[in-house]
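Novice: need a structure here:
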Amino acid sequence: MSNPIPGAPVRGSETGRPIMAAFDLLGRRGAMRIIWELRMGPLNFRALQQAADTNPAVLNTRIKELRSARLLDHDGGGYHLTGLCIDLLNLMMPLNDWAERWARELSVSRPD
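Specialist: Numbers count the residues shown, from 1 in each chain. Next up is the predicted model:
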């Protein structure tokens, strides 16, 4: 599976619209979990593997994809989110708030 790039065909889109390329990248196994676990600050490979609860092969592949997409970077402190990815997280926080409300409503209205 190649790295999703806007303008090139991606899963679900022959045109490679930027939103579809983003959905392809972020929808890959473990990608969002990695981003979520790095939201509080840098982690080294082992700590990120443990936090994301994934195996080394999947983690390594996702790190390569996310670095290629310029959402992650690495320095002496470990892997960290880029400014572009922090912008993405800021856009996603309202979705997180909605999901929390949705979960509460489902638990209240769930028939016994």
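Novice: all contacts plus neighbour counts: C-alpha atoms, from now on.
Specialist: Fine.
Novice: What's the per-residue pLDDT of Asp112 here?
Specialist: Asp112 is assigned a predicted lDDT (pLDDT) of 56.
Novice: residue contacts, the residue lying closest to His80 once chain neighbours are set aside?
Specialist: Leaving aside its sequence neighbours, His80 sits nearest to Pro42 (C-alpha to C-alpha, 6 or more residues apart in numbering; 4.5 Å). Applying C-alpha atoms under 8 Å, 6 or more residues apart in numbering to Pro42 gives the contacts Gly77, Gly78, Tyr79, His80, Leu81.
Novice: Surely Ser13 touches Ile19?
Specialist: No: contact between Ser13 and Ile19 fails when scored by C-alpha atoms under 8 Å: they sit 9.7 Å apart.
Novice: if you count what's nearby, which of those two comes out ahead?
Specialist: A count of neighbours by other C-alpha atoms under 10 Å puts Ser13 above the other of Ser13 and Ile19, at 15 against 11.
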